[in-house]
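Chemist: One predicted model, sequence on top.
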Amino acid sequence: DDQEEGEGDWDPRGGGRDAKTQGLSAGGRPGGGGPGAAMKGAPSAGAPGSSAGMLGGHSFEGGYIFQCNSHSVRETMERCLFGAPSNDWDKMKKMNWESTAVFLYDSSERVMHGVFTPLEVGFNLVPAAFNGRMPSQVRVTVFSAAPQLESHEFMKFLTNTTRERISGNDFSSMQVSRSELGTLLEIMQGKALRASW
């Protein structure tokens, strides 16, 4: 059994650093502050101005999408680990993950899951994961179990470049623009609100 300590289960249906690894504490926050602590480099909760997206009173400055399919979704869930091909590592290691909202797109079911925040980012965090085919990895935790989005609910709001990469079936990961992030969060929050009526 190659499952590592700290891995757990989550159900996606509910809703200048070291080049090898970027460690974050619980809830994706640095400094051991836990889920309630402010993210380094991000505005404080509720701060007006330049934030790209707000969720639960928290500001996110960036967004990032990983992909899975029917063959990898179970491993992704059980490990709480998102993976991408090795050629994605250069862009991943340059990300400011501490203020990034993470999403998972299931290309088999054509649904988007979120919202997640990173706990640890690294190359080959779990070498045996995904049969070694996706070594650019992020260990995540659920930030908000928003309702999953069907592709027709959000795809038309993404740029052509993002849509083409999601439709490419090569499991590449991608950074989304500030406007795309804001739209995804807005759609998820609106769907959650309607579901509560």
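Modeler: Received, thanks. Numbers count the residues shown, from 1 in each chain.
Chemist: Next one: P135 from G83, what distance?
Modeler: Between P135 and G83 the distance, using C-beta to C-beta, to the nearest Å, works out to 7 Å. (Each C-beta comes from the backbone N, C-alpha and C, glycine too.)
Chemist: ok, now E153?
Modeler: Counting by C-beta to C-beta - E153 and G83 are separated by 25 Å.
Chemist: what separates N96 from Y64, distance-wise?
Modeler: With the distance defined as C-beta to C-beta, N96 ends up 10 Å from Y64.
Chemist: E150 pairs with what?
Modeler: Each beta-bridge partner of E150 is listed here: V111, as defined by DSSP bridges.
Chemist: quick thing: my sequence starts at 120, can you match it?
Modeler: New numbering, starting at 120: the last item is E269.
Chemist: So which residues of this protein form strands?
Modeler: 140-142, 172-174, 177-179, 181-187, 200-203, 219-225, 230-242, 255-261, 268-269, 293-295 (DSSP state E).
Chemist: who's more crowded, P254 and G202?
Modeler: Set side by side, P254 and G202 show more neighbours around G202, with 26 against 19, by other C-beta atoms under 10 Å.
Chemist: So for the more buried one, what's the pLDDT?
Modeler: G202 is assigned a pLDDT of 96 by the prediction.
Chemist: Bridged to it, which residues?
Modeler: Taking DSSP bridges, one finds Q256 as the beta-bridge partners of G202.
Chemist: try T219
Modeler: G181.
Chemist: before we move on, back to that, and N215 and Y183? Which one has more around it.
Modeler: Looking at N215 and Y183 with other C-beta under 10 Å, you find the greater number of neighbours at Y183, namely 22 against 15.
Chemist: Tell me who's in contact with that one.
Modeler: Under the criterion of C-beta atoms under 8 Å, 6 or more residues apart in numbering, the contact list for Y183 reads M214, T219, A220, V221, F222, S292, M293, Q294, V295.
Chemist: pLDDT score for the fourth one?
Modeler: Yep, that's V221 we're talking about. 96.
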